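Q: sequence first, then the predicted structure, then my questions.
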Amino acid sequence: MKYKQKTRKAITKRFKVTKSGKVLRMPTGQDHLLSKQSGAKRRRLRKMVEVAEAEAKKIKKLLKI
């Protein structure tokens with residue numbers, strides 16, 4: 001008997017897929033040691049960035065898209 005493959009919950013929390021199919025993620029470097037970084041850099045880190053096409057393909061597979 002075959003079973004339904006579950007979506008990877010860790011992946012759903014970390015990535016977002018747009019309507020056009022782009023995979024977005026939050027940039028690294030915003031957990032700690034923020035006082036060393038400039039305000040401009042901290043603001044830039046708030047925005048989501050696009051994932052490279054090779055990784056996006058793997059992520060979509062794990063998300064069942």
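A: Yep, that arrived.

Q: in the sheet, who's paired with the residue most central in space within the chain?
A: Closest residue to the average C-alpha location of the chain: Arg25 at 2.6 Å, with C-alpha atoms, centre = their mean. On DSSP bridges, the residues paired with Arg25 through beta bridges are Phe15, Val49.

Q: so how far is Met48 from it?
A: Counting by C-beta to C-beta, to the nearest Å, the gap between Arg25 and Met48 amounts to 6 Å. In this view, the C-beta of every residue, glycine as well, is placed from N, C-alpha and C.

Q: overlap of the contact sets of the two?
A: Residues touching both Arg25 and Met48 comprise Lys16, with contact defined as C-beta atoms under 8 Å, 6 or more residues apart in numbering.

Q: now the strands for this structure?
A: Taking DSSP state E as the test, the strands found in the chain are 15-17, 23-25, 49-50.

Q: neighbouring contacts of the shortest one?
A: If you take C-beta under 8 Å, 6+ apart as the criterion, strand 49-50 is touched by Lys22, Val23, Leu24, Arg25, Met26, Pro27, Ala56.

Q: also stretch 12-26?
A: With C-beta under 8 Å, 6+ apart as the test, stretch 12-26 has contacts from Leu45, Met48, Val49, Glu50, Val51, Glu55, Ala56, Ile59, Lys60, Leu63, Ile65.
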